[in-house]
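In: no sequence on this one, just coordinates:
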Ligand SMILES: [Zn+2]
């Protein structure tokens, strides 16, 4: 698993910097805006969707837990998905989806 690199200054992101990308899109060293590549876009979406939806579905439909447990598990899974996201990021300098 690799952490992303800035398209402009080639700064290799530290884990915490990549995590920060979730709410701040600028490179921490050169302040250039980072865009997700098309590949990394679905790469980040897929595990997140998978982690969030699948266990949630099973818990809801087969375990018959109270809704509040489902909410807690949901929050836990969401946090987990967020924590692994940095490893799937890949930056580019443009929004072109055909990149
Ligand atoms: Zn940079």
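Out: Looks like it came in fine. Keep in mind that what you see is a predicted model, and the values were worked out from it rather than measured.
In: any idea how far the helix or strand bottoming out on mean pLDDT in the chain is from the chain center?
Out: Least confident helix or strand, the chain: helix 38-58 with a mean of 76, by mean pLDDT, DSSP states H and E. Here helix 38-58 is found 9 Å from its chain centre; the criterion is Cα atoms, centre = their mean, to the nearest Å.
In: in that helix, what counts as buried?
Out: Across helix 38-58, burial judged by 16 or more other Cβ atoms under 10 Å covers 40, 41, 43, 44, 47, 48, 51. (Glycine included, C-beta is placed from N, CA and C.)
In: in CSV: those, plus distance to residue 62.
Out: Output for the buried residues of helix 38-58, formatted as CSV (distance: Cβ to Cβ, whole Å):
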residue, distance to residue 62
40, 33
41, 32
43, 29
44, 28
47, 22
48, 22
51, 18
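In: give me the subset of those touching the ion.
Out: Subset of those in contact with the ion: empty, counting by Cβ under 5 Å from the ion.
In: what's whichever helix or strand comes after the least confident helix or strand of the chain packed up against?
Out: Next in sequence after helix 38-58, counting helices and strands by DSSP states H and E, comes helix 67-84. Using 3 or more Cβ pairs under 8 Å, 6 or more residues apart in numbering; DSSP states H and E, the elements in contact with helix 67-84 are helix 38-58.
In: elements contacting the helix it packs on?
Out: Helix 38-58 packs on helix 67-84, going by 3+ Cβ pairs under 8 Å, 6+ apart.
In: Provide a list of residues in contact with the most centrally placed residue in the chain.
Out: Closest residue to the average C-alpha location of the chain: residue 85 at 3.0 Å, with Cα atoms, centre = their mean. Residue 85 makes contacts with 18, 19, 22, 44, 47, 48, as judged by Cβ atoms under 8 Å, 6 or more residues apart in numbering.
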